[in-house]
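> just to be clear, the model below is a prediction. Sequence and coordinates:
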Amino acid sequence: MSKTKQHKYIFVIGGVMSGVGKGIATSSIGAILQSKGFKVNLMKIDPYLNVDAGTMNPTEHGEVFVLNSGLETDQDMGNYERFLNRDLSPSDYMTSGMVYKAVIERERSLGYKGKFVEAIPHVTDEIRERIMQASSTSGSDISVIEIGGTIGDFQNELFIEAARVLKLKNPDDVIFILVSYLPVPGTIGEMKTRPTQNAIRQVNSYGVQPDIIIARGPQALDHKRKEKIALSCSVPVEHVISAPDIETIYEVPVNFEKDNLSGILLNALRLRAIKKDGLAPWKKLVSRIKSLKDEVHIGIIGKYFDTGDFVLSDAYLSVIEAVKHSAYALGKKPIMTWINSKDFESGDKDASLLSQFDGVVVPGGFGESGIEGKIKAIKYVRENKIPYFGLCYGMQLATVEYARHVAGLKDANTTEINPKTAHPVIDIMPEQKKHMEEGKYGATMRLGSYPAHLKKGTIASEAYGQDIISERHRHRYEVNPDYIAQIEKAGLVFSGRSPNGVLMEIAELPKSVHPFFLGTQFHPELQSRPLAPHPLFTAFIKASLERSKRK
Ligand code: GLN
């Protein structure tokens, strides 16, 4: 593979600590390079041994982002797609588990011809091959590769080593960016550069010298500190980019350009811009976001929140962003409130508190906890005509609720909760049963993009404005075909179905009965983009605005 000659690679590594926005920095670099006319692929490397992100607990790891192909990936891949405004391919994602598995399988089939197989060079070669493969699969001009974790982690060393070798072989085509953090200790109120200096020393110990430093921090970096970092980190002062906390992540590309980041990147990569100012749509979006006044209040009922005393909404990242995209497009400021469904079960909270919201979302989920609370909530919003949007589990539970309270199937349930229910209105898909019996949990759900046909004259078909759609999935259960006729007779409409008519993809109530009561078996949030909001989210927010006017 000698495509590397013209192809350019930018490695993004993190210093000081995690959680400072390396993913958003990578996404924004993608957006600004794209705005200069280049085709860019963004790639995430996760150093853990899981083969993909599918088996990880969302409370610990955050959202599992599913690609069209069905690969279950890290939530950063969602940011990448949102900022690039295009779909990414499975070759744009890599974990240590994936890499090791490939190396071990090759060894088992004598692929190394009897040699010792070692971390260096065999694992690092595999990493390099994959990076180069991703660039040719995407046909991109520039790859921006985010190496997960922080410098000094034991787990990501091999990836940094692979990047170093790629640079050694292609000195003009590879650069490194360090995303660092400059804390401002409360007691002194002064921004400190020392952790960044230490991080650089650590990077250098791997034989890598960053070309650019992105200095994250609560405030903008002043010139004095830029000079200090430049001097101690051996980079020109203009290569130190100030990246303060800001109101919206969608402003980061615009902010980077204030420090001429694309110019510096292209210069370092010996490239010339193809297009002049392609950032106009981002600038427009940012000024729109900043001028929003009227609010729309959305309640999101979940359960993956609790980590100690902190409330984390990371598990629902794409849902949050999708609500924002549509609210922004409709000129409203979205105010989202997190409600733990377990509170409705324990009686700590009453479902009537939902009447304060303009709209309510029940996002995806798994397992038993919090389920009866969600069903209580759905009953309340259905009966009180509060706009409701159910995503995956949220659609299945809306079907259960409707079956119980309207279709007269008293103890209807999903077999995920009660395998012995008299009315299994949601049941495991036949091929899934086998996987479960064999204990095969990894990458075995119904995953990725599948088409669905929409029924004319429904909310869904009106929102999409087309007859056939394609959406991403991640589930094991489905509406039980044996109950479809009975539930439809009671008034719930299955407005989206798989092409063979067997799988129910969308359930909704007619507008004459409820302003917006709709659930999807798929995850529309995964395809919503800031510059292209999802039609169903937009329809939901529109209905919520109608309610807010009436309130
Ligand atoms: N637990 C449900 C299923 O597996 C819903 C999954 C989801 O919400 N992603 O079918």
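Yes, it's here.

> secondary structure element holding Arg106?
helix 96-108 (DSSP states H and E).

> what does that helix contact?
46-52, 112, 117, 122-123, 126-127, 130, 155, 158 (CB atoms under 8 Å, 6 or more residues apart in numbering). Where C-beta positions appear, they are placed from N, C-alpha and C, glycine not excepted.

> just the buried residues out of the residues you listed, in ChimeraX syntax.
The buried residues among these can be selected in ChimeraX (16 or more other CB atoms under 10 Å) with this line:
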select :46,47,48,50,51,52,122,123,126,127,130,158
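
> ok, the contacts of helix 96-108 vs the ligand, which is closest?
Nearest to the ligand out of the contacts of helix 96-108 is Asp52 (CB to the nearest ligand atom; 15.2 Å).

> in the stretch 101-250 of the chain, which spans are strands?
142-147, 174-181, 212-217, 240-244 (DSSP state E, counting those that start in this stretch).

> buried residues in the helix holding Arg106, which are they?
Residues of helix 96-108 classed as buried: 96-100, 102-103 (neighbour count, 16+ other CB under 10 Å).

> with just CA atoms, put it into PDB.
Only the C-alpha atoms of helix 96-108 are listed here, as PDB (Å, rounded to 0.1, in the frame of the first residue of the first chain):
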ATOM      1  CA  SER A  96      -7.000  -3.000  20.600                       C
ATOM      2  CA  GLY A  97      -9.300  -6.000  20.800                       C
ATOM      3  CA  MET A  98     -10.000  -5.800  17.000                       C
ATOM      4  CA  VAL A  99      -6.300  -5.500  16.200                       C
ATOM      5  CA  TYR A 100      -5.100  -8.300  18.500                       C
ATOM      6  CA  LYS A 101      -7.900 -10.600  17.300                       C
ATOM      7  CA  ALA A 102      -6.800 -10.100  13.700                       C
ATOM      8  CA  VAL A 103      -3.100 -10.700  14.600                       C
ATOM      9  CA  ILE A 104      -3.900 -13.800  16.600                       C
ATOM     10  CA  GLU A 105      -6.200 -15.200  13.900                       C
ATOM     11  CA  ARG A 106      -3.500 -14.600  11.300                       C
ATOM     12  CA  GLU A 107      -1.000 -16.400  13.500                       C
ATOM     13  CA  ARG A 108      -3.400 -19.400  13.900                       C
END
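
> rounded mean pLDDT for that helix, please.
Helix 96-108 shows a mean pLDDT of 97.

> what do you get for stretch 260-267?
96.

> buried stuff in it?
Here stretch 260-267 shows 261-262, 264-266 as buried, counting by 16+ other CB under 10 Å.

> which two from those end up farthest apart in space?
Leu261 and Leu266 (9.6 Å; CB to CB).

> wait, Arg216 touches Gly23, no?
No. Arg216 is beyond contact range of Gly23, at 11.8 Å (criterion: CB atoms under 8 Å).

> who in this structure is up against the ligand?
Residues of the chain that fall close to the ligand, judged by CB under 6 Å from any ligand atom: 364-366, 392-393, 396, 416, 474-477.

> so of those residues, which ones are in helices?
393, 396 (DSSP state H).

> just the ones in strands from the residues of the chain next to the ligand, please.
474-475, 477 (DSSP state E).

> residues touching Asp294, list them.
Contact partners of Asp294, counting by CB under 8 Å, 6+ apart, are 331-333.

> after the helix or strand of the chain with the lowest mean pLDDT comes which helix or strand?
Least confident helix or strand, the chain: strand 310-311 with a mean of 53, by mean pLDDT, DSSP states H and E. Counting by DSSP H and E, the next helix or strand C-terminal to strand 310-311 is helix 317-329.

> overlap in contacts, Leu261 and Leu266.
The contact lists of Leu261 and Leu266 share no entry, where a contact means CB under 8 Å, 6+ apart.

> what's near enough to touch His435?
441, 444, 476.

> 7 Å - rerun?
Thr444 (CB atoms under 7 Å, 6 or more residues apart in numbering).

> with Ser262 instead?
With CB under 7 Å, 6+ apart, Ser262 has these contacts: 32-33, 36.

> in the contacts of helix 96-108, which has the lowest confidence score?
Gln155 (90).

> if we can go back for a sec, how about the strands of the stretch 101-250 of the chain in JSON lines, adding mean pLDDT?
Below are these laid out as JSON lines (pLDDT from 0 to 100):
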{"stretch": "strand 142-147", "mean pLDDT": "97"}
{"stretch": "strand 174-181", "mean pLDDT": "96"}
{"stretch": "strand 212-217", "mean pLDDT": "94"}
{"stretch": "strand 240-244", "mean pLDDT": "93"}
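
> so for His514, which of those strands sits nearest?
His514 lies closest to strand 142-147 among the strands of the stretch 101-250 of the chain, at 43.2 Å (CB to CB).

> helices or strands up against the closest one?
strand 8-14, helix 22-35, strand 40-46, helix 124-138 (3 or more CB pairs under 7 Å, 6 or more residues apart in numbering; DSSP states H and E).

> quote the end-to-end distance of stretch 402-421.
Taking CA to CA, to the nearest Å, the first and last residues of stretch 402-421 lie 16 Å apart.

> measure how far it is from the centre of its chain, please.
Distance of stretch 402-421 from its chain centroid, counting by CA atoms, centre = their mean, to the nearest Å, is 32 Å.

> what comes up buried for that stretch?
402-407, 409, 412-417, 421.

> between those, which is nearest Ala280?
Closest to Ala280, out of all of those and judged by CB to CB, is Tyr402, at 45.8 Å.

> what about the nearest residue to Met395 once chain neighbours are set aside, how many residues nearby?
Leaving out its chain neighbours, the residue that sits closest to Met395 by CB to CB, 6 or more residues apart in numbering is Gly519, at 2.8 Å. The tally of other residues near Gly519 (other CB atoms under 10 Å) stands at 26.

> test my guess that Gly519 contacts Gly390.
Yes. Between Gly519 and Gly390 there is a contact under CB atoms under 7 Å: 3.2 Å.

> overlap in contacts, the two.
With CB under 7 Å, 6+ apart as the test, Gly519 and Gly390 both reach Ala398.

> please tell me how far the residue in the chain sticking out farthest from the centre sits from Tyr100.
Going by CA atoms, centre = their mean, the residue of the chain most distant from its centre is Gly114, 41.7 Å out. In this structure, Gly114 and Tyr100 are 20 Å apart, going by CB to CB, to the nearest Å.

> just the ones in helices from the buried residues of stretch 260-267, please.
Going by DSSP H, the helices hold 261-262, 264-266 from these.

> okay, those residues in CSV with distance to Ile378 next?
As requested, these are exported to CSV (distance: CB to CB, whole Å):
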residue, distance to Ile378
Leu261, 46
Ser262, 47
Ile264, 52
Leu265, 48
Leu266, 52
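
> hmm, who's touching the host helix or strand of Val425?
According to DSSP H and E, Val425 maps onto strand 424-428. The contact list for strand 424-428, computed with CB under 7 Å, 6+ apart, reads 396, 399-400, 403, 409, 412-415, 476-480, 483, 487.
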